[in-house]
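J.: fold the following and give me the result.
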Amino acid sequence: MTYVEGFVLAVPTAEQDKYRDLAARSVPLFKEFGVRRHVECWGDDIPVGKLNDFRTAVQAKDGETVVFSWFEYPDRATRDAANEKIRTDPRMAEMGTDMPGDGQRMIVGGFAPIVEEGLGGSMGYTDGFVFAVPDANKEAYRALAARASLVFLDHGATRVLECWGDDVPDGKVTDYRRATHAKPGETPAFSWIEWPDKAARVAGWEKVMADERMRHDPNDQSFDGARMIYGGFVPIVDA
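T.: So this is what the prediction gives:
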């Protein structure tokens, strides 16, 4: 069983090393709090969207790069206990004073996986997705994602997670609902695909898009793809 805390934020591009070093130093502390896996991914292939995209999601400025990251916990109870420690542990307050980037523009939330396929392994590249799905279509989307995940695994991906918003708070400046232009009765989703490296991702996507199993059904309106934000990321911490 897995529970995911998903983050999207903007970091000054010139401070990549500082951000990576701070994240790496935080690994033992988060492990102490119950984090089973801690991943930080640096934006590499972030397309501009017609309606929304990763940069607008976090109001990224010129000279900033989008970071897509997550914690994996064994369950929500462990995550909730960890968040209480994160709020109260003086070591976290001290670490926060050295955090590059504007924390006010970070979007964060808790997500429950509805599809989890693949054994994973050495990850050299990640596709990240954030989007909104009508609550009434949750099961239809889960079934669609489950079928698609097997296609990605057949063509070189090593792990696919599709996660449903479970504890997604409103933010003062940005949040997942605003990032996805979510409407009443919709829930944000947070998903990713793991690849061995970027070359495998590029080749894999070409094969996926040519696979008959991915042919779009015109009757499928499980979610509005025009409001999906997505991009390619390079892991800089995977602990």
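J.: how close does Leu153 get to Ala82?
T.: 30 Å (Cβ to Cβ, to the nearest Å). Where C-beta positions appear, they are placed from N, C-alpha and C, glycine not excepted.
J.: report the contact partners of the residue lying closest to Gly63 once chain neighbours are set aside.
T.: Sequence neighbours aside, Thr13 is the residue nearest to Gly63 in space, at 5.7 Å (criterion: Cβ to Cβ, 6 or more residues apart in numbering). Listed by Cβ atoms under 8 Å, 6 or more residues apart in numbering, the contact set of Thr13 reads 63-65.
J.: looking at those, which are in strands?
T.: 64-65 (DSSP state E).
J.: now tabulate the contacts of Thr13 in CSV and tack on distance to Val130.
T.: Below are those laid out as CSV (distance: Cβ to Cβ, whole Å):
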residue, distance to Val130
Gly63, 23
Glu64, 18
Thr65, 16
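J.: helices along the chain, start to end?
T.: Using DSSP state H, the helices of the chain run over 16-33, 54-57, 76-88, 90-96, 138-154, 176-180, 198-210.
J.: JSON lines please, covering those and showing mean neighbour count, distance to Asp102 and mean pLDDT.
T.: Converted to JSON lines, the helices of the chain look like this (neighbours: other Cβ atoms under 10 Å; distance: least, Cβ to Cβ, whole Å; pLDDT from 0 to 100):
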{"stretch": "helix 16-33", "mean neighbour count": "16", "distance to Asp102": "12", "mean pLDDT": "95"}
{"stretch": "helix 54-57", "mean neighbour count": "21", "distance to Asp102": "13", "mean pLDDT": "96"}
{"stretch": "helix 76-88", "mean neighbour count": "15", "distance to Asp102": "18", "mean pLDDT": "95"}
{"stretch": "helix 90-96", "mean neighbour count": "12", "distance to Asp102": "12", "mean pLDDT": "83"}
{"stretch": "helix 138-154", "mean neighbour count": "17", "distance to Asp102": "32", "mean pLDDT": "95"}
{"stretch": "helix 176-180", "mean neighbour count": "23", "distance to Asp102": "15", "mean pLDDT": "96"}
{"stretch": "helix 198-210", "mean neighbour count": "15", "distance to Asp102": "28", "mean pLDDT": "97"}
